[in-house]
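Student: Dropping a prediction and its sequence here:
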Amino acid sequence: MKIFKRILVVSALLIILLMAVSDTFGFMSYDDMMVFLKLRSPAFTSAELSVHFIDVGQGDSTLIISGDRTVLIDTGDKEGGQKVRSYLISQKVDHIDYLLVTHPHSDHSGGVETVLGSFETGTVLVPHFSEAGKTEDDLYAWRELKKDVAEADITMTEVLPGMEFDLDVSELSVLAPSCDYEEINNYSVVTELTHGNNTFLLTGDAETESEADMLKNGVLEDIDVLKAGHHGSSTSTGSEFLEIVKPEYAVISCGAGNSYNHPSGSVMKRLGEYGVRVFRTDLQGSIIAESDGKTICFTTADKEQAEK
């Protein structure tokens, strides 16, 4: 036992000596050494870009704070809209430059009225959506969305693949949808957020049909963070898709104990096979990814952290 304690003491002294020498001669700073030894998370000089996957239960809402620009992607359902409002206030957000509604389903668009009534909003972005062949039930959320935006006296702007939005220190590019679909989920606006060497792919509820079209159109590339499609449902995040985008991290937005059994066991297994680390709002609450253009640091509501 005494020998073990002596080994620990000598090891600790050697580490301290190494850190002191490295810091003195400029090989590696004390702070860098602490990060290297995983005793501290990277401390960015400024939060140039933060992506907040807000816990809205069984729904979707993502906040991007990029320099002095703010983008909100989806708002959860009506109840989720209140959660989004509270979260944005907690982050000291007082305006929204772009509100992007990926597609007209109530768990993504139901909170729009609350958000527009609470924050000054510049532009509302929506997909090019065809009402042809849709049932009245299919169109309910779409018509509610149009009504809420009209009452806020804001014009909806349709987005198309190839469109890009300058977000001060980052850029948001539209990848999909590229055609009309029967399934409304496939109308989801898919965007890629780029900041330096870091990339995020934000997919709404896009399913394998939309994924196949993006693969065919050659718009997908190797990324860092994937917002998994359709709350981790088996209808999304296909093998061919993962083979191209190769995410290091995936975030799944879903409600605890939801009746849809999201995320799907098959998707979780698939992500595991590709070595993807998964964060889930049903288990960890709201999830924040910060980027300085080189490094991504995740923080969750339960304070779990990961460094890239």
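Tutor: Received, thanks. Residues are numbered from 1 along each chain as shown.
Student: wait, what's in contact with residue 50?
Tutor: By Cβ atoms under 8 Å, 6 or more residues apart in numbering, residue 50 lies in contact with 64-65, 288-291. Every residue, glycine included, has its C-beta placed from N, CA and C.
Student: List just the nearest of those to residue 186.
Tutor: Using Cβ to Cβ, residue 64 comes nearest to residue 186 of the contacts of residue 50, at 23.0 Å.
Student: which residue packs closest to the closest one, ignoring adjacent ones?
Tutor: Once flanking residues are discounted, residue 64 sits nearest to residue 71: 4.1 Å by Cβ to Cβ, 6 or more residues apart in numbering.
Student: With residue 276 as the reference, measure out to the one you found.
Tutor: 24 Å (Cβ to Cβ, to the nearest Å).
Student: if we can go back for a sec, will you turn the contacts of residue 50 into TSV that also has distance to residue 207?
Tutor: Compiled in TSV, the contacts of residue 50 are given as follows (distance: Cβ to Cβ, whole Å):
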residue	distance to residue 207
64	23
65	29
288	27
289	24
290	30
291	28
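Student: Neighbours of residue 104, how many?
Tutor: 24 (other Cβ atoms under 10 Å).
Student: Now do the same contact list for it.
Tutor: So residue 104 contacts 126, 129, 139, 141-142, 145, 184, 187 (Cβ under 8 Å, 6+ apart).
Student: Look up the pLDDT of it for me, please.
Tutor: If you check residue 104, the pLDDT there is 97.
Student: Centre of the chain to stretch 211-222, how far?
Tutor: Centre-to-centre, stretch 211-222 and its host chain are 19 Å apart (Cα atoms, centre = their mean, to the nearest Å).
Student: Okay, buried residues for stretch 107-127 please.
Tutor: 107-116, 118-119, 121, 124-127 (16 or more other Cβ atoms under 10 Å).
Student: mind saving the C-alpha coords of that stretch as PDB?
Tutor: Extracted C-alpha coordinates of stretch 107-127, given in PDB (Å, rounded to 0.1, in the frame of the first residue of the first chain):
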ATOM      1  CA  ASP A 107     -44.600  19.500 -33.500                       C
ATOM      2  CA  HIS A 108     -42.300  21.800 -35.600                       C
ATOM      3  CA  SER A 109     -44.600  24.700 -36.300                       C
ATOM      4  CA  GLY A 110     -47.200  24.800 -33.500                       C
ATOM      5  CA  GLY A 111     -45.200  27.300 -31.400                       C
ATOM      6  CA  VAL A 112     -44.800  29.900 -34.200                       C
ATOM      7  CA  GLU A 113     -47.600  32.100 -32.900                       C
ATOM      8  CA  THR A 114     -46.000  32.300 -29.400                       C
ATOM      9  CA  VAL A 115     -42.600  33.000 -30.800                       C
ATOM     10  CA  LEU A 116     -43.700  35.700 -33.300                       C
ATOM     11  CA  GLY A 117     -45.700  37.300 -30.500                       C
ATOM     12  CA  SER A 118     -42.700  37.400 -28.200                       C
ATOM     13  CA  PHE A 119     -39.700  38.400 -30.300                       C
ATOM     14  CA  GLU A 120     -39.000  40.900 -33.100                       C
ATOM     15  CA  THR A 121     -38.600  38.600 -36.100                       C
ATOM     16  CA  GLY A 122     -37.000  39.600 -39.400                       C
ATOM     17  CA  THR A 123     -37.900  36.900 -41.900                       C
ATOM     18  CA  VAL A 124     -39.900  33.600 -41.800                       C
ATOM     19  CA  LEU A 125     -38.500  30.900 -44.100                       C
ATOM     20  CA  VAL A 126     -40.500  28.000 -45.300                       C
ATOM     21  CA  PRO A 127     -40.100  25.200 -47.900                       C
END
